[in-house]
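# here are the coordinates; sequence isn't available:
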DNA sequence: GTCTATACTACGATAGAC
DNA sequence: GTCTATCGTAGTATAGAC
């Protein structure tokens, strides 16, 4: 499908070269079509950019659906979850997120998203509403069940730090490979990062061992 | 000084628009000079880009000098540090790094660096050698003193996660402000993030409370 | 729907005046 | 050292053929 092909090429090019640096000519050529197809299907460069953001949001939310299943539909359902269950679900969600960050697919998404994080445009709004919001609020709900002693503010700050521990595997990939002393992240290193993330999250969730 | 002005404008523009998207014309104009000054002083667009990376590395390493003082000069000096002292120094280093991430100066640096992390070029090499290497290896040295039970591999993975918890304040700023429910990070939110980072780091360093 | 052809603007590099 | 002027290339958008 031509539109799909254009979208995926667009995500790659916009992520690599930025909005201004990317060229509709190159995107069209790499998708095996003429530049004017972009005008026809997406209305222009800007339209293609926003459509690319929507596409990423859809892929991301698809990927994390299992980890969010049945969460936040209503307060009574959430209240039935025990602290132990919430902890296990939280670890599963972090695992899923880490999987995404270590998965090759996320490379082009990340380049796109990271740019939007630094200099948010309307595309970030679409990414947030389309995928991130669900993920963050789900995490918060679970954290509140595990740590009823923490204030809402503390929970939100901690959620940001949890996010950082997983995002770093993608957003600072070059530094992570250096500190691990490897060229690329092999399944071995992926397992190591997963395990260390799990241990750290558990330590944090259990709180300071007075 | 013209060169300094050009460098700072260059960091801002390259960070915002990427290497291809940035325009030497605009950089020169915003610095109040002619485009050919860039050719004269830096040899061209590429030369300016690399000089910008060096400039960031210098600023970064200057900023974290106090936290790294007297570390890693020789093994005997490090061995004299107790676990408690090492913990305190590690927390101080994380605090300093978080300060940098929350400081306005790091906004333009971050845009530049984050691009290089995704798609490393020679500029990343300069950033790493000029600043990041020192910081990461110093962190590792201290972590090894606090947790002699952890393997080298585990320590390195954990260092990456620590890095993530601080970097997120800058690299995913747009998401962090959303999850905190604020427009910008005020001193209040900065203090909250600092405190939560400290608590989390301590929990991780103490290990699972069996 | 998809292509080619074209209009217009902006890019980086460089030569030469001062 | 810093400027203006110019060259060749490449960008987006658009009109019109098929």
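Arrived safely, thanks for sending. Since we're looking at a predicted model, the values are computed, not measured.
# and after the lowest-mean-pLDDT helix or strand in chain A, which helix or strand comes next?
Least confident helix or strand, chain A: helix A:75-79 with a mean of 71, by mean pLDDT, DSSP states H and E. Counting by DSSP states H and E, the element after helix A:75-79 in chain order, helix or strand, is helix A:83-102.
# Which residues outside that following helix are in contact with it?
If you take CB atoms under 8 Å, 6 or more residues apart in numbering or on different chains as the criterion, helix A:83-102 is touched by A:60, A:63-64, A:66-68, A:71, A:81, A:106, A:110, A:135, A:138-139, A:142-143, A:145-146, A:162-163, A:165-167, A:169-170, A:185, A:190, A:193-194, A:197-198, A:201-202, A:205. Any C-beta I mention is one placed from the backbone N, CA and C, and that applies to glycine too.
# and the nearest residue to residue A:129 once chain neighbours are set aside, how many neighbours?
Once flanking residues are discounted, residue A:129 sits nearest to residue A:57: 7.6 Å by CB to CB, 6 or more residues apart in numbering or on different chains. Around residue A:57 there are 22 other residues, counting by other CB atoms under 10 Å in any protein chain shown.
# residues of the helix or strand that contains residue A:57 that come out buried?
Assigning secondary structure by DSSP H and E places residue A:57 in helix A:45-68. Neighbour-count burial for helix A:45-68, counted by 16 or more other CB atoms under 10 Å in any protein chain shown, picks out A:45, A:48-53, A:55-57, A:59-61, A:63-64, A:67-68.
# Low-confidence stretches in chain A?
Filtered on pLDDT under 70, chain A yields the residue ranges A:72-73, A:75, A:209-210.
# Near DNA strand C, which residues of it are found?
Selection of chain A residues close to DNA strand C by CB under 7 Å from any atom of the strand yields A:2, A:32, A:33, A:34, A:35, A:36, A:37, A:40, A:41.
# Repeat the analysis, applying 10 Å as the threshold.
A:1-3, A:6, A:20, A:25, A:28-29, A:31-41 (CB under 10 Å from any atom of the strand).
# So which of those sit within strands?
Among those, no member is found in strands (DSSP state E).
# Go ahead and confirm the residue nearest to residue A:129 touches residue A:130.
Yes - counting by CB atoms under 8 Å, residue A:130 is a contact partner of residue A:57 at 2.8 Å.
# returning to what we had before: filter the contacts of helix A:83-102 down to the buried ones, ChimeraX style.
Those of the contacts of helix A:83-102 that count as buried under 16+ other CB under 10 Å are selected in ChimeraX with:
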select /A:60,63,64,67,68,71,81,106,110,135,138,139,142,143,145,146,162,163,165,166,167,169,170,185,190,193,194,197,201,202,205
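# dump the residue contacts of residue A:32.
For residue A:32, the contact set (CB under 8 Å, 6+ apart) comprises residue A:5.
# can we see that at 10 Å?
With contacts defined as CB atoms under 10 Å, 6 or more residues apart in numbering or on different chains, residue A:32 is in contact with A:2, A:5, A:6, A:9.
# Please determine how far residue A:133 is located from residue A:140.
Residue A:133 sits 11 Å away from residue A:140, going by CB to CB, to the nearest Å.
# now the residues of chain A next to DNA strand C: which count as buried?
Of those, these count as buried by 16+ other CB under 10 Å: A:6, A:28, A:31, A:33, A:37, A:38.
# Nearest to chain B among those?
Chain B lies nearest to residue A:28 out of these, by CB to the nearest CB, at 17.1 Å.
# Residue A:49 reaches residue A:6, doesn't it?
No - counting by CB atoms under 10 Å, residue A:49 does not reach residue A:6; the two are 11.7 Å apart.
# overlap in contacts of the two?
residue A:42.
# now stretch A:102-116, how far from the centre of its chain.
In this view, stretch A:102-116 has its centroid 8 Å away from the chain centroid, taken as CA atoms, centre = their mean, to the nearest Å.
# distance of the closest residue to residue A:44 other than its chain neighbours from residue A:4?
Nearest residue to residue A:44, sequence neighbours excluded (CB to CB, 6+ apart): residue A:38, at 7.0 Å. Residue A:38 sits 14 Å away from residue A:4, going by CB to CB.
# Can you give me the neighbour number for residue A:153?
Other residues near residue A:153 come to 14 when the count uses other CB under 10 Å.
# name the element it belongs to?
Secondary-structure assignment from DSSP H and E places residue A:153 in helix A:152-171.
# buried stuff in the next helix or strand after that helix?
Using DSSP H and E, the helix or strand that follows helix A:152-171 in sequence is helix A:173-180. Buried residues in helix A:173-180, counted by 16+ other CB under 10 Å: A:173, A:174, A:175, A:176, A:177, A:178, A:179, A:180.
# Helix A:173-180 vs helix B:152-171, what angle?
Relative orientation of helix A:173-180 and helix B:152-171, computed by axes from the mean of the first three to the mean of the last three CA atoms, to 10 degrees: 150 degrees.
# is helix A:173-180 anywhere near chain B?
Yes - Helix A:173-180 is in contact with chain B by CB under 10 Å from any CB of the partner chain, via A:173, A:174, A:175, A:176, A:177, A:178, A:179, A:180.
# How far does that helix sit from its chain's centre?
Taking CA atoms, centre = their mean, one finds the center of helix A:173-180 at 19 Å from the center of the full chain.
# contacting residues around the residue nearest to residue A:116 when sequence neighbours are not counted?
Distance criterion CB to CB, 6+ apart; nearest residue to residue A:116, sequence neighbours excluded, is residue A:124 at 4.2 Å. Taking CB under 10 Å, 6+ apart, we find residue A:124 in contact with A:53, A:113, A:115, A:116, A:117, A:118, A:132, B:174, B:175, B:178.
# what about residue A:124, which helix or strand?
Per DSSP H and E: helix A:122-127 holds residue A:124.
# Show me what the helix or strand that that helix is followed by is packed up against.
Going down the chain from helix A:122-127, the next helix or strand is helix A:133-146, by DSSP H and E. On a contact count with 3 or more CB pairs under 10 Å, 6 or more residues apart in numbering or on different chains; DSSP states H and E, helix A:133-146 meets helix A:45-68, helix A:75-79, helix A:83-102, helix A:152-171, helix A:187-206, helix B:173-180.
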